[in-house]
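Visitor: for reference, the sequence and a predicted model appear below.
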Amino acid sequence: MTYIELRGSANVRDLGGLVTEDGRVIKSRRLLRAGSLQYLTSADIGTLMGFYRMRTIIDFRSRQERESAPDPQWGIIEHHDLSVLEDQSFGFPASTGKLTLIQMLDRLMNLMNNPDFSPRQFMLDAYTMYISQPQAQQAWRKFMQLVLEHKEGAILFHCNGGKDRTGLAAVILLTALGVPWQTLLEDYLISNDYLKPVMNQVVDNLPPPYRIPAARRAASLLYQVEAEYLQSAKDEMIRLGGSPLGYVQQVLGFTDVNLKQLREIYLT
């Protein structure tokens, strides 16, 4: 795994170099994971489209997230919008217009004002829904099919912070490629290292009314991950499919033939 230094996006990584259980290695410059792309600079774009030959972008964000911060559009790039879940799934009201960081913090802080609300349980439930909900499962099926059909250059998949939905997409994909769970977990948790400086900068620059502990706790839900979140998803994969790989095959419908083809394309 290689961190890709970009000025306009944090938590961008090349999954190339990760080793599978049978000792094979994921090819470099083929599978990229990222956060939001709206602030990419011309140099960033040159890196992704030139050095990495990025040709496909998959966006896991909700409709409102995409409308608030659209991906840049380039003629030779295929874009696929695969909303894993919409905002209403998490108890947020349906709304229109741009969704700002302050609005997201307000949403989370309003939830935290409820004495029965547990941020930890909120994230555990979210990860369970990312695995169990029909819309999420359909997004993962389409994602895996797109990766399987992608032949040339790099495919980049992303959400907002590149840690939750993108993290689970990486887990599903790397599971299909035969990467051990411990390696998946390490790749998942390293998002904290790349996003903590971003979180600190965001919190330090909030308007005065938001410079309170509750805002930092809310921001941590947006910028940090925990091993137990991923364990919640794993438990649901096991419940539905017997194992993470069983989930990929039995629930997402990725066959033995698909697995063999995928590994032939992306492993060396």
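Guide: Yep, it's here. Numbering: from 1, shown residues only.
Visitor: mind checking the SS state of the residue nearest the centre of the chain?
Guide: In the chain, the residue lying closest to the centroid (Cα atoms, centre = their mean) is residue 166, at 1.1 Å. Secondary structure state of residue 166, per DSSP: H, G, I helix; E, B strand; the rest coil, is helix.
Visitor: can you check residue 55 too?
Guide: Classified using three-state DSSP, residue 55 is strand.
Visitor: return the residues in contact with it.
Guide: 76, 77, 78, 150, 152, 153, 154, 155 (Cβ atoms under 8 Å, 6 or more residues apart in numbering). To be clear about C-beta, it is placed using only N, CA and C from the backbone, and glycine gets the same treatment.
Visitor: which residues of the stretch 151-268 of the chain fall in helices?
Guide: 165-177, 181-189, 191-204, 213-223, 227-241, 244-246, 256-266 (DSSP state H, counting those that start in this stretch).
Visitor: need the ones you listed in a markdown table (columns: distance to residue 72 and mean pLDDT).
Guide: Below are the helices of the stretch 151-268 of the chain laid out as a markdown table (distance: least, Cβ to Cβ, whole Å; pLDDT from 0 to 100):
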| stretch | distance to residue 72 | mean pLDDT |
| --- | --- | --- |
| helix 165-177 | 17 | 98 |
| helix 181-189 | 26 | 97 |
| helix 191-204 | 20 | 92 |
| helix 213-223 | 22 | 84 |
| helix 227-241 | 30 | 98 |
| helix 244-246 | 33 | 98 |
| helix 256-266 | 26 | 98 |
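Visitor: which regions of the stretch 51-200 of the chain lie under the pLDDT threshold?
Guide: Residues of the stretch 51-200 of the chain that meet the criterion pLDDT under 70 lie in 88-98.
Visitor: so which of the helices of the stretch 151-268 of the chain comes closest to residue 41?
Guide: helix 191-204 (16.1 Å; Cβ to Cβ).
Visitor: which residues touch the closest residue to residue 192 other than its chain neighbours?
Guide: Distances taken as Cβ to Cβ, 6 or more residues apart in numbering put residue 224 closest to residue 192, at 5.4 Å, once the chain neighbours are dropped. If a contact means Cβ under 8 Å, 6+ apart, then residue 224 has 163, 191, 192, 195, 196, 199 as its contacts.
Visitor: most neighbours among the residues you listed, which one?
Guide: residue 163 (26 neighbours; other Cβ atoms under 10 Å).
Visitor: my read: that one touches residue 191, true?
Guide: Yes. Counting by Cβ atoms under 8 Å, residue 191 is a contact partner of residue 163 at 4.1 Å.
Visitor: now do the shared contacts for these two.
Guide: Common neighbours of residue 163 and residue 191, counting by Cβ under 8 Å, 6+ apart, are 11, 224, 225.
Visitor: turn the residues you listed into JSON lines, columns for distance to residue 126.
Guide: Below are the shared contacts of residue 163 and residue 191 laid out as JSON lines (distance: Cβ to Cβ, whole Å):
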{"residue": "11", "distance to residue 126": "18"}
{"residue": "224", "distance to residue 126": "14"}
{"residue": "225", "distance to residue 126": "11"}
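Visitor: can you put those residues in CSV and add distance to residue 215 and pLDDT?
Guide: Shown next, in CSV, are the shared contacts of residue 163 and residue 191 (distance: Cβ to Cβ, whole Å; pLDDT from 0 to 100):
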residue, distance to residue 215, pLDDT
11, 21, 95
224, 14, 94
225, 19, 96
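Visitor: going by distance to residue 53, which of those wins?
Guide: Using Cβ to Cβ, the shared contacts of residue 163 and residue 191 come closest to residue 53 at residue 11, 20.8 Å.
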